[in-house]
Every structure is written in C-alpha cells, then in structure tokens.
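sequence and predicted model, in that order:
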Amino acid sequence: MFDSCEIRIHPTGSAIARMGTITQGQGHQTTYAQIIATELGIPSEVIQVEEGDTSTAPYGLGTYGSRSTPVAGAAIALAARKIHAKARKIAAHMLEVNENDLDWEVDRFKVKGDDSKFKTMSEVAWQAYHQPPAGLEPGLEAVHYYDPPNFTFPFGIYLCVVDIDRATGETKIRRFYALDDCGTRINPMIIEGQIHGGLTEGFAVAMGQQMPFDAQGNLLGNTLMDYFLPTFVETPHWETDHTTTPSPHHPLGAKGVAESPHVGSIPTFTSAVVDAFSHLGVTHLDMPHNAFRTWKALREHGAAL
C-alpha cells in the first residue's frame, strides 16, 4: 500500500519535506532528513520534516507494521531523485555544458575532468527560482507516491541464555545476543536505539507483563504498580550485531527494523525458559515467565529443592 512525500527546496538551499506517515518515537525526522541530505547534498540541519498534518501533507497510509522506511523512505528517495534530475538540467545550463558532462559529488555538480567548474545544490536552488533555463518552469520541488512492488523482509537471529533459581523461580538473563539485518542501514544510531527498545519491550512481555482477571472478570492489576515496566535495573545487557543484505525491492535497499526485536525476542526468551525445563519433559510454558509462575511450574513438575 502506497505512501507519499513532497519535497520543496527553497531559494536559500534549505528544504521542507512532508510525508503521510507520523513518528511514534522512531526518529523519523532524523532518518528522513538523512535520506534527503544524501540524495540532494543538502545539510540535514536545514531540512524541515513535517508529518501527520492532514491540512498540508500528501496522502499516505500512516505508520504501522514497520513500513515507514520501506514505503515512505522509498517515496522520499524517489521524490528527491526527481528534484536531482531537474537540478542537473539547471546546473548544466549554468555551466554551459551538456547534462552528460556533469558528475555529482556530495553536494555539487561538477564538469567532468575539471574540478574547478561546479555548482552546488544551493546555487542551483537560487537559479531555479530566479533564472531557470528557457522552457523549464521555475521552482525546485517534487511529489512522489510509492506503491511497493513487493514486501521487504528483515532477517535476524536471536540467542538467549537464562539461569533459573530452583528455590524462587527467579529467572536471570545471562546473555542475549541479537543479530539483525534490515538491509541498507540509513542511520545506525537510530537503528540501534530501535533494537534496544524493541528488545526491552520483548523482555517485558515475555518475562512479566500480564493483565490478570478474577473469575468474575475483574481486572486485578489496576495500576502500574501491578504491571511490569522494566527499568535499567531489570533490563538485561543486550549484545547486538548486524549483517547487511540490501532489499532488491527498495530504491535504497532498506527494510523495516522497528518491530523485528519485539517479534524475535519474545519467543527467544520463552524458548530459553522452556529449554531449562526440558529435562523434566516440559515442552510448553505460558507467558509471562515471572518468578511466581516459574516457581509454580517447578513444583508442578517436581523440580523444587
């Protein structure tokens, strides 16, 4: 399902970009600005990213299912490439050469074989609004709607080692290793933050979060005092790693990443706990694996001290 992007380069060389997605803490502004900066050579500090304003944004289907970079990110890149193509025409006019005689380098078009002859994107932006080539309309902006030809599939492998106290049922995460492959890594720091957040959320779900009800259907956990929210004290040390396999279906080779650690970590925690019970013939244990539930399972299977 499609998403969209509108990019407008101002005469000053700064830019505003509008998308149909909305950030939920994933750092869209950083990632989206970096895509535009890479494609157009504009510093990310002068790129304003605007999302979710239905009075100005182009149509989009929003943020869910780890689709922001795979879909909106592609729309951004392709809108930027439309601008880049027009900017090349303007730069060729300014330098009095053919478009094919230009090379692109970071933030400028330069004449092949002569590094002294070039025009930066800022210079091109000014020209676009003041003296564009004959037959070329003024301005430097583009809109692109990207409808993915296929899904992107992130890869990964997670390994967990646990120690269970047979007397109390308390489970300690000795090691947790997470390797993710989200294709082209646009901003490694943003990716690492999302992975750490997703792993912590997965740890909470697998190891403690529960909304218990009594026989009459009354909620027994009425406050956050009764609901497991892991802090720095409880959260394990995450060992993270990555490989990079660019997606063939995406213009940047990027895949989703935000939900990968949540999807992958929960069964990994459960599998580790179940494996600790395997010598007792146990093949299944319901989540969450908090100390009380694990202690009960130990006694039910005759493993108490």
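Done, it's in. Numbers count the residues shown, from 1 in each chain.

the closest residue to residue 56 other than its chain neighbours - how many residues pack around it?
Counting by C-beta to C-beta, 6 or more residues apart in numbering, residue 56 lies nearest to residue 18, which is 5.9 Å off, once chain neighbours are set aside. The way it works is simple: take the backbone N, C-alpha and C, and place the C-beta from them, glycine included. When neighbours are counted by other C-beta atoms under 10 Å, residue 18 registers 21.

I'd like the next helix or strand past the helix of greatest length in the chain.
For the chain, the helix that runs over the most residues, judged by DSSP state H, is helix 74-95. Sequence order places strand 102-105 as the next helix or strand after helix 74-95, per DSSP states H and E.

who touches the helix or strand that comes right after that next one?
Once strand 102-105 ends, the next helix or strand along the chain (criterion: DSSP H and E) is strand 108-111. For strand 108-111, contacts defined as C-beta atoms under 8 Å, 6 or more residues apart in numbering pick out 41, 87-88, 91-92, 95, 97, 101-103, 117-121, 124.

just the buried members of the residues you listed?
Burial by neighbour count, judged by 16 or more other C-beta atoms under 10 Å, picks out 41, 87-88, 91-92, 95, 97, 101-102, 117-121, 124 from these.

about what we covered before: closest one of the contacts of strand 108-111 to residue 73?
Minimum distance to residue 73 across the contacts of strand 108-111 is 18.1 Å, recorded for residue 41 (C-beta to C-beta).

who are the contact partners of that closest one?
With contact taken as C-beta under 8 Å, 6+ apart, residue 41 is in contact with 104, 106, 107, 108, 120, 121.

circling back to that earlier point, average pLDDT across the helix or strand hosting the residue nearest to residue 56?
Assigned by DSSP H and E, residue 18 belongs to strand 15-19. For strand 15-19, mean pLDDT is 95.

what's the angle between it and helix 74-95?
Angle of strand 15-19 versus helix 74-95, following axes from the mean of the first three to the mean of the last three C-alpha atoms, to 10 degrees, is 150 degrees.

what comes into contact with strand 15-19?
Contacts with strand 15-19, where a contact means C-beta under 8 Å, 6+ apart, come from 3-10, 28, 32-33, 36, 40, 42, 46-51, 53, 56-58, 60, 72, 75-76, 79.

repeat for stretch 87-101
Applying C-beta under 8 Å, 6+ apart, the external contacts of stretch 87-101 come out as 40, 102, 104, 109, 111-112, 117-119, 121, 123-125, 127-128, 132-133, 136, 140.

before we move on, what about stretch 292-305?
With C-beta under 8 Å, 6+ apart, stretch 292-305 has contacts from 164, 166-171, 273, 277, 280-282, 285-286.

which of those residues count as buried?
Among the contacts of stretch 292-305, those scoring as buried are 164, 169, 171, 273, 277, 282, 285 (criterion: 16+ other C-beta under 10 Å).

among those, which are in helices?
Short answer: the buried ones among the contacts of stretch 292-305 in helices (DSSP H) are residue 273.

now, among the buried ones among the contacts of stretch 292-305, which is nearest to residue 145?
Nearest to residue 145 among the buried ones among the contacts of stretch 292-305 is residue 273, at 46.0 Å by C-beta to C-beta.
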